[in-house]
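S.K.: Mind looking at a prediction? Sequence and model below.
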Amino acid sequence: MNQPDLHDMARRLRVIEDELAIRGLAARFTDAVNERNRDAFRQLWAEDAVWEIGPPLSHIAKGVDAIVDMFDELLKPRTLFVQMTHSGVVEFTGENTALARFTERERGRGPKDYYENLAVYRDEFIRTADGWRFKRRYYDYRYLDMSAFPGEVIPLPGNHSAVHEG
Amino acid sequence: MNQPDLHDMARRLRVIEDELAIRGLAARFTDAVNERNRDAFRQLWAEDAVWEIGPPLSHIAKGVDAIVDMFDELLKPRTLFVQMTHSGVVEFTGENTALARFTERERGRGPKDYYENLAVYRDEFIRTADGWRFKRRYYDYRYLDMSAFPGEVIPLPGNHSAVHEG
Amino acid sequence: MNQPDLHDMARRLRVIEDELAIRGLAARFTDAVNERNRDAFRQLWAEDAVWEIGPPLSHIAKGVDAIVDMFDELLKPRTLFVQMTHSGVVEFTGENTALARFTERERGRGPKDYYENLAVYRDEFIRTADGWRFKRRYYDYRYLDMSAFPGEVIPLPGNHSAVHEG
C-alpha cells in the first residue's frame, strides 16, 4: 500500500472546509433572518458587498451598513417572516472566490400584507482575512403570491428578537 | 513548501466529521418520521433525552421510551405527515456537546385534522460512546395553520410502515 | 500524543468526499431542473440509469438519452416548475455503490395544469470513472394537489433557459 500524499490530503481537506464554510454562510443568513439577529447578519458580508432583491419587489443595498438597514426595513413590519433554504450548488472560480445558487422559499405576513414566494439566490463569495463572506446576493424570484392566507402567527419571544428597535 | 501539520489535519478532519454527523442526525430524524421507522427514530436519542413540542400544540417526552411512544402517538392518526428540514446552523460548545437550529416545515392530515406549520428546531447534542445523539429537541412554532387543504394523500406502502401497531 | 494514522485519515477523507459528492449530485439535479439546464442534467446520470416517477403521475425513462427527453417533456409545458430538495440520508452499500432518500416538494404551473406535491426521492448511486452518478431515481409521491393556486409566475430570462427547443 502506497503512502498517502500528505500535500494532496491537505489540499483536499481545505476544499471540503471551503465548501462547508460557503454552505454554512447561506445557512447562517437564513438563521439570522428567522431569528431576527441583525448582529449575526452583519457578520456574513464583505464590507463592500451588494444585496439585491429582484423584480417584482426590487430592493438593493450597497455596503454592509446599508445591507443591515435593509434587513431591518424588510423584517420590522412583519410579525411572520420565515425563509427556507433548500439545496444549493457551489462552484469555485479561484482560490478565494466562489459562486453558488440556492433554492429558496419565504412566507411572511405584515399588518397589511401577505407574502409567499419561490426564488433562487444567485451568490458570489469572497475569502477575506476573517473567512468566506458574501460579496453579492441576488434574490431571483420565480413565483410570488401576495394573496391572503389563513393560520396563526407565533411571534418570537422578546429575548430572541434582536432586531434593532432604534 | 512546508510539510503540513499532521496533528492539525487530524483535528480538522474530526471537526468536519462531527459537523456532518450532527447535520446527519437531523436528517435521519426527518427520514425516520417520513418513513415512519420507529426503530431508526429510537437510535437518534441519548437515553435521558427530552423531546419537546412548544405551544400552541405542546407535547413533551422525557427518556427514549417515552420519546418513541410520542412518535407513535403523533404519527398513527395521520395518513399524511411529511417533515421538511431546511438549512441549519451548528455550534460546538465543547469537545462533546453542540447546539443547532434547523428551519422546519410540516404538513399532515388525519381523519379529522389538517396541519401545516413553520418552525425552528432548537437542538442540543451530546457525543456518546456510540456517536452523536440528540440530548434535547425543542420545536418552536412560528406559524400554524389547521384549516382544510385540498389534494390527494398517497400513503406509504405497508412494507415501509414500521410504526408499531401494538 | 500518538502520531495520527495516515492511512486511516486518507480513508476518512475519502468517505467525506464521497458523501459530499452524493449530496451534491442531488443538489445539482434540483439546480438543473430549476435552471432548466438540460446539459447539466445529462451529466448526472450513469449511461444505463433509470429515472422513474411513481403513481399517480407515473413516468419512466431508461438510459440517459430517454432521461433527457423526459426532462424536456416534463418542463417544457410549464412556465413555473420549482423543485425543493430538503435534507436526506445517505448509506454506502459498497466501495462504489450507495443509496439515499431525499424529502422533496415541487410546485409547477402549465397552460392548463397546477401541480403541488410532497415526495421522497429513493436513489441508487454508482461510482463511475468520472465520479458518482445516479443509477436510479424513484420519485415516491406522498401528497399531490392539482387544484388551482393564485400568484404570479416570474419566468427565467431567456439566457437561463437552456431547455432544448427542438
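M.R.: Received, thanks. Numbers count the residues shown, from 1 in each chain, chains lettered A, B, ... in the order given.
S.K.: Tell me what A:F102 is bridged to.
M.R.: A:G88, A:Y121 (DSSP bridges).
S.K.: Does A:D31 touch B:V89 like I think?
M.R.: Yes - under the criterion of C-beta atoms under 8 Å, A:D31 makes contact with B:V89 at 4.6 Å. (Each C-beta comes from the backbone N, C-alpha and C, glycine too.)
S.K.: so what sits against both of these two?
M.R.: B:R101 (C-beta atoms under 8 Å, 6 or more residues apart in numbering or on different chains).
S.K.: Specify which residue of these two has the higher count of neighbours.
M.R.: Neighbour totals were compared for A:D31 and B:V89, and A:D31 leads with 23 against 18 (other C-beta atoms under 10 Å in any protein chain shown).
S.K.: what's the neighbour count on the residue of chain A found nearest chain C?
M.R.: Going by C-beta to the nearest C-beta, chain C is nearest to A:D145 of chain A, at 3.0 Å. The local packing of A:D145 (other C-beta under 10 Å) involves 16 other residues.
S.K.: I'd say it and C:E116 touch.
M.R.: No - contact status for A:D145 versus C:E116: not in contact, 11.8 Å apart, counting by C-beta under 8 Å.
S.K.: anything in contact with each of the two?
M.R.: In contact with both A:D145 and C:E116: C:F149, using C-beta under 8 Å, 6+ apart.
S.K.: at contact distance from chain B, anything in the one helix or strand A:W132 maps to?
M.R.: Secondary-structure element containing A:W132, defined by DSSP states H and E: strand A:131-145. No - on the criterion C-beta under 8 Å from any C-beta of the partner chain, strand A:131-145 is out of touch with chain B, staying 14.0 Å away.
S.K.: Moving along the chain from that strand, name the first helix or strand you hit.
M.R.: Assignment by DSSP H and E places the next element after strand A:131-145 at strand A:152-153.
S.K.: strand partners of that following strand, parallel vs antiparallel please.
M.R.: strand B:131-145 (antiparallel).
S.K.: tell me the mean pLDDT for the partner strand?
M.R.: For strand B:131-145, mean pLDDT rounds to 98.
S.K.: and if you look at stretch A:71-80?
M.R.: 96.
S.K.: From the chain's centroid, how far away is it?
M.R.: Averaging C-alpha positions (C-alpha atoms, centre = their mean, to the nearest Å) puts stretch A:71-80 15 Å from its chain's average.
S.K.: For that stretch, which outside residues touch it?
M.R.: A:32-33, A:36, A:38, A:41, A:59, A:81, A:107-111, A:113, A:115, A:153, A:155, A:163-164, B:118, B:142-143.
S.K.: List the buried residues of that stretch.
M.R.: Neighbour-count burial for stretch A:71-80 flags A:71, A:74-75, A:78, A:80 (criterion: 16 or more other C-beta atoms under 10 Å in any protein chain shown).
S.K.: do stretch A:49-58 as well
M.R.: Quick answer for stretch A:49-58 (16+ other C-beta under 10 Å): A:49-54.
S.K.: residues in contact with whatever residue of chain A ends up closest to chain B?
M.R.: Chain B sits closest to A:G151 of chain A, with a gap of 3.0 Å, by C-beta to the nearest C-beta. A:G151 makes contacts with B:116, B:143-147, as judged by C-beta under 8 Å, 6+ apart.
S.K.: so which pair among those residues is furthest apart in space?
M.R.: The span of the contacts of A:G151, defined through C-beta to C-beta, is set by B:Y143 and B:S147 at 12.3 Å.
S.K.: Look at these two and report which has more neighbours.
M.R.: B:Y143 (21 against 10).
S.K.: Could you look up the SS state of the residue nearest to the more buried one when sequence neighbours are not counted?
M.R.: Among residues not flanking B:Y143 along the chain, B:L118 sits closest, at 4.1 Å (C-beta to C-beta, 6 or more residues apart in numbering or on different chains). Under DSSP: H, G, I helix; E, B strand; the rest coil, B:L118 falls in the strand class.
S.K.: okay but B:L118 is in contact with A:R107, surely?
M.R.: Yes - contact criterion C-beta under 8 Å: B:L118 and A:R107 qualify, at 6.4 Å.
S.K.: Just want the angle from the helix or strand harbouring A:A66 to strand A:131-145.
M.R.: Secondary structure assignment for A:A66, by DSSP H and E: helix A:64-75. Helix A:64-75 runs at 30 degrees relative to strand A:131-145, counting by axes from the mean of the first three to the mean of the last three C-alpha atoms, to 10 degrees.
S.K.: Next, see if stretch A:3-19 gets close to chain B.
M.R.: Yes - using C-beta under 8 Å from any C-beta, we find that stretch A:3-19 touches chain B at A:6-7, A:9-10, A:13, A:16-17.
S.K.: what would these look like in CSV with secondary structure, neighbour count and distance to B:A66?
M.R.: Shown next, in CSV, are the residues of stretch A:3-19 next to chain B (DSSP: H, G, I helix; E, B strand; the rest coil; neighbours: other C-beta atoms under 10 Å in any protein chain shown; distance: C-beta to C-beta, whole Å):
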residue, secondary structure, neighbour count, distance to B:A66
A:L6, helix, 16, 49
A:H7, helix, 11, 52
A:M9, helix, 19, 45
A:A10, helix, 18, 47
A:L13, helix, 20, 41
A:I16, helix, 17, 38
A:E17, helix, 17, 39
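S.K.: which non-adjacent residue is nearest the most centrally placed residue in chain A?
M.R.: For chain A, A:F29 is the residue whose C-alpha lies nearest the centre (C-alpha atoms, centre = their mean; 3.5 Å). Leaving aside its sequence neighbours, A:F29 sits nearest to A:L44 (C-beta to C-beta, 6+ apart; 5.6 Å).
S.K.: Now do the phi/psi pair for that neighbour.
M.R.: phi -90, psi -10 (degrees, to the nearest 10).
S.K.: ok, now which ones touch it?
M.R.: With C-beta under 8 Å, 6+ apart, A:L44 has these contacts: A:25, A:28-29, A:32, A:133-134.
S.K.: could you redo the last one with a cut-off of 7 Å?
M.R.: Going by C-beta atoms under 7 Å, 6 or more residues apart in numbering or on different chains, A:L44 touches A:25, A:28-29, A:133-134.
S.K.: so can I have CSV of these showing distance to A:A100?
M.R.: Shown next, in CSV, are those (distance: C-beta to C-beta, whole Å):
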residue, distance to A:A100
A:L25, 9
A:R28, 13
A:F29, 11
A:R133, 13
A:F134, 10
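S.K.: Filter these down to the buried ones and express that as a PyMOL selection.
M.R.: A single PyMOL command selects the buried members of the contacts of A:L44 (16+ other C-beta under 10 Å):
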select buried, chain A and resi 25+28+29+133+134
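S.K.: partner residues bridging A:R109?
M.R.: A:L80, A:Y114.
S.K.: pLDDT score for it?
M.R.: 97.
S.K.: Touching, it and A:V153? I think so.
M.R.: Yes - taking contacts as C-beta atoms under 7 Å, A:R109 lies within contact range of A:V153: 5.9 Å.
S.K.: between those two, which one's more packed in?
M.R.: A:R109 (20 against 17).
S.K.: Could you check how far that one is from C:Y139?
M.R.: 32 Å (C-beta to C-beta, to the nearest Å).
S.K.: Also A:S147?
M.R.: 29 Å.
S.K.: Kindly report the same for A:D113.
M.R.: A:D113 is 35 Å from C:Y139, by C-beta to C-beta.
S.K.: These two: who's more crowded?
M.R.: Taking other C-beta under 10 Å, A:D113 and C:Y139 do not tie; C:Y139 has more neighbours (20 against 11).
S.K.: Against chain A, how distant is that one?
M.R.: Per C-beta to the nearest C-beta, to the nearest Å, C:Y139 is found 15 Å from chain A.
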